[in-house]
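A.B. asks: Quick check, what structure comes out for this input:
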Amino acid sequence: MKLMVYPKFLQEGSLKLVFFGGKGGVGKSTCASATALKLAQEQPQHLFLLVSTDPAHSLKNLFSNIAVPKNLEVRELNAAIALHDFKLQHDKLLKEIADRGTFLDKEDIQRLMDSALPGMDELAAYLEIAKWIKEDTYYRIIIDTAPTGHTLRLLEMPDLIHRWLIALDTLLAKHRYMRSHFGGDKRLDHLDSFLLDMNDSLKNMQSLMTDTERCSFIVVMLAEAMIVEESIDLVTALNQKQVSMPDLIVNQLFPENDCLICCTERSRQMQALKNVLRRLPGQVFWTLPLLADEPRGELLNVLWSELNLLDESKVNITNGSHKLPLHVETSIPLPANTLRLLIFAGKGGVGKTTLACATALRLHKEYPQLSILLFSTDPAHSLSDCLGLRVQAYPTAVSLKIDAQEINAQADFDKIRRDYRAELENFLQDILPNIDITFDREVMEHLLDLAPPGLDEIMALTSIMDHLDSSRYDMIVVDGAPSGHLLRLLELPELIRDWLKIFFSLLLKYRKVMRVPHLSERLVKLSRELKNLRALLQNSEQTELYAVTIPTHLAIVKTYDMTCALQRLDIAVKALFINQITPDSDCPLCKAITIRESEQLKQVHDIFPNQPQAFIFRQNAPTGVTELMALGSVLFL
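C.D. replies: Sure thing, here's the model as predicted:
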């Protein structure tokens, strides 16, 4: 009989907050759901909360056909509703703050603050989690996070909220000084208390996130080279934030047997495990096997019975030359050389980066006269790992007439903020050198801190138009962020446009006391590029979007949801790539998986009957230019 040893997050104890994070497609939602279910069933005296912060939710799908215990609440966080509720709750106080002691009119600063909180998933998630922790309703909160890029943004939320609170406090500073200096009233009023309460809530949340007894972050990963690299980046970020992550889960390990598919995949997995064990010494690794059936519904109840503590001595790399043949069945025509923009979209972990790289290399072979840029919009970039070279935040040469770029949105926007403050300082010194406007100066300096979250990513995304308008590139191939993040980026331009209108009106109205021509020029350019980007995305003659999925029920449901959302944005899906299909085999495990995948492929045909499709079977992970070129050569007709 197997003696079960469980990690701390599966036991009763002091943990209040448990995050499950990692690259898309590794099983975060499954692990989070199975954890919440097990804890609730074994501890009926406690109340648990399972919540998804991923804009492309999976929880309801995973819990279909299963009775949820009464002591377990399951929520899929709606960012727009959460932010709306926050603003509604505090609207009166925010308006009062806007009315206190600054040269800006009440209506001006109020409009700016109203536009500063659009539907930002990470901000909504952070505010909601902080509220739940403060209310202390739940014995433990289990959080299914979005893919790595979103999670990294979530970890940055304390800094963003802190800047926002400083900006609000700056609006009150002049009034506070006048009240104290001329009225002798040094007491804190209700507005001061509001900001202090918000700041205390932020500090409590930060304290909890770094408390090893009360908070754990569980990194979930697959033993694949690219996923290992992204997981190590996430671990590094968590270490920098001093967030405890005592356990890492390696999901979907292939068994040891004589099957060619299993042997090939396991050999690749052992190499990846050797790499991650070497680079993350001292970490505790747990493993879960690849299962014949997708672990959802009732199967969530048995997931953790398969859990094993990784025995490093058994991580052996075989010397066999196992290799799966390259096998692709396609009906997708080669993209025309007149296209300007090619986007690969889908949930995390389906192979968007690989297919984007392979397609760019194929296009270069077919149209050698074209200059092509591979462009990553995913905050957790993978182009470097896929291409086998270091891609920079600026265009980096891959080969003749092919460049690649991984944007650093946060760094770019931080520079804009610094440039703005320097430009403002120079203007004030030149125009108003002998006038003390300390408080109003601080208000002006913090105006960009009231910019909507996501502005940095939109500014980086519009650099696509910069590249195309400069004629440096004929075509840009975009490796999109996971579907939820990508859709948010595609929806944000309208929100950013509204904020720009407000900011422009302020710059115009107060041009005598706040002249910043360089920033104004940059924002005018951004506004123009936003309009042009939206037009390009909706132009089917110049833009094509390819959906990428894998043959699992969850992935196909998310792909359908994504295509519906794109349709509402007037962006058409040109074709569909179904990746990681298991080839026929006599192996019982592989045979069972093939039968299950066949059912899912029938579902794909029913959902997308007229969509050109490519079926890509399991193969050795194509990394490096040579292997990517081989894949690209068979992807299209």
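
A.B. asks: Can you give the contact residues for stretch 226-241?
C.D. replies: In this structure, residues lying in contact with stretch 226-241 by Cβ atoms under 8 Å, 6 or more residues apart in numbering are 21-23, 26, 148, 151-152, 155, 209-210, 217, 219, 221, 245, 248, 272, 275-276, 279-280, 283, 349, 353, 380, 382, 385-386, 621, 623. For every residue, glycine as well, the C-beta is placed using N, CA and C.

A.B. asks: Please flag which of those residues sit within strands.
C.D. replies: Using DSSP state E to define strands, the subset of these located there is 21, 217, 219, 221, 248.

A.B. asks: now, which of these sits nearest Ser463?
C.D. replies: For these, the minimum distance to Ser463 (Cβ to Cβ) is 28.0 Å, reached by Gly21.

A.B. asks: so Glu128, which of the three states?
C.D. replies: Put simply, Glu128 is helix when judged by DSSP: H, G, I helix; E, B strand; the rest coil.

A.B. asks: Which pLDDT value goes with it?
C.D. replies: Glu128 carries a pLDDT value of 80.

A.B. asks: Among the contacts of stretch 226-241, which are located in helices?
C.D. replies: Cross-referencing the contacts of stretch 226-241 with the helices (criterion: DSSP state H) gives 148, 151-152, 155, 209, 272, 275-276, 279, 353, 385-386 as the overlap.

A.B. asks: Can you tell me which of the contacts of stretch 226-241 are buried?
C.D. replies: Buried subset of the contacts of stretch 226-241 (neighbour count, 16 or more other Cβ atoms under 10 Å): 21-23, 26, 148, 151-152, 155, 209, 217, 219, 221, 245, 248, 272, 276, 280, 349, 353, 380, 382, 385-386, 621, 623.

A.B. asks: mind exporting stretch 38-58 as PDB, just the C-alpha atoms?
C.D. replies: Coordinates of each C-alpha in stretch 38-58 appear next as PDB, following Å, rounded to 0.1, in the frame of the first residue of the first chain:
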ATOM      1  CA  LYS A  38      -9.500  17.900  -1.200                       C
ATOM      2  CA  LEU A  39      -9.200  20.400   1.500                       C
ATOM      3  CA  ALA A  40     -13.000  21.200   1.600                       C
ATOM      4  CA  GLN A  41     -13.900  17.500   1.700                       C
ATOM      5  CA  GLU A  42     -11.400  16.600   4.500                       C
ATOM      6  CA  GLN A  43     -12.000  19.700   6.600                       C
ATOM      7  CA  PRO A  44     -15.800  20.400   6.600                       C
ATOM      8  CA  GLN A  45     -15.500  22.600   9.600                       C
ATOM      9  CA  HIS A  46     -13.600  25.200   7.600                       C
ATOM     10  CA  LEU A  47     -14.700  27.500   4.800                       C
ATOM     11  CA  PHE A  48     -12.500  27.600   1.600                       C
ATOM     12  CA  LEU A  49     -12.400  29.900  -1.400                       C
ATOM     13  CA  LEU A  50     -11.200  28.900  -4.800                       C
ATOM     14  CA  VAL A  51     -10.800  31.800  -7.200                       C
ATOM     15  CA  SER A  52      -9.500  32.300 -10.700                       C
ATOM     16  CA  THR A  53      -7.700  35.500 -11.700                       C
ATOM     17  CA  ASP A  54      -7.300  34.400 -15.300                       C
ATOM     18  CA  PRO A  55      -9.400  36.400 -17.700                       C
ATOM     19  CA  ALA A  56      -9.900  33.200 -19.600                       C
ATOM     20  CA  HIS A  57     -11.400  31.200 -16.800                       C
ATOM     21  CA  SER A  58     -11.500  27.400 -16.500                       C
END
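
A.B. asks: How far away from the center of its chain is it?
C.D. replies: Here the centre of mass of C-alpha atoms in stretch 38-58, compared against the chain's by Cα atoms, centre = their mean, to the nearest Å, lies 21 Å away.

A.B. asks: Kindly report the same for stretch 256-272.
C.D. replies: With Cα atoms, centre = their mean as the basis, the mean position of stretch 256-272 lies at 30 Å from the chain mean.

A.B. asks: now swap in stretch 197-207 and tell me
C.D. replies: Per Cα atoms, centre = their mean, the displacement of stretch 197-207 from the mean C-alpha position of its chain is 24 Å.

A.B. asks: Show me this structure divided up by domain.
C.D. replies: With automatic domain parsing as the criterion, the domains of the chain are listed as 13-82+125-162+212-314, 328-408+463-485+536-635.

A.B. asks: for these, which one sits closest to Leu191?
C.D. replies: From the domains of the chain, taking Cβ to Cβ, the stretch that ends up closest is domain 13-82+125-162+212-314, at 17.2 Å.

A.B. asks: where exactly do the strands run in the stretch 151-300 of the chain?
C.D. replies: 215-222, 247-253, 284-289 (DSSP state E, counting those that start in this stretch).

A.B. asks: What is the first one packed up against?
C.D. replies: In terms of contacts (3 or more Cβ pairs under 8 Å, 6 or more residues apart in numbering; DSSP states H and E), strand 215-222 is packed against strand 17-21, helix 28-42, helix 225-240, strand 247-253.

A.B. asks: Of all these, which one comes closest to His190?
C.D. replies: When the helices and strands packed on strand 215-222 are ranked by proximity to His190 (Cβ to Cβ), strand 17-21 comes first, at 30.3 Å.

A.B. asks: between that closest one and strand 215-222, what angle do the directions make?
C.D. replies: The directions of strand 17-21 and strand 215-222 differ by 20 degrees, with axes from the mean of the first three to the mean of the last three Cα atoms, to 10 degrees as the criterion.

A.B. asks: Make 10 the first number, not 1, from now on.
C.D. replies: Okay, residue one is now 10; in that scheme the one you just asked about reads as strand 26-30.

A.B. asks: Residue nearest the middle of this structure, spatially speaking?
C.D. replies: The residue at the geometric middle of the chain, judged as the C-alpha nearest the mean C-alpha position with Cα atoms, centre = their mean, is His159 (2.7 Å).

A.B. asks: wait, isn't that residue in contact with Asp63?
C.D. replies: Yes - the pair His159 / Asp63 is scored as a contact, 7.0 Å apart, by Cβ atoms under 8 Å.

A.B. asks: just to revisit the earlier point, distance of the residue nearest to the centre of the chain from Leu243?
C.D. replies: Plainly put, His159 is 11 Å away from Leu243 if you go by Cβ to Cβ, to the nearest Å.

A.B. asks: Likewise for Thr146?
C.D. replies: In this structure, Thr146 and Leu243 are 29 Å apart, going by Cβ to Cβ.

A.B. asks: Comparing those two, which residue is more hemmed in?
C.D. replies: Applying other Cβ atoms under 10 Å to Thr146 and Leu243 shows that Leu243 carries more neighbours, namely 25 against 12.
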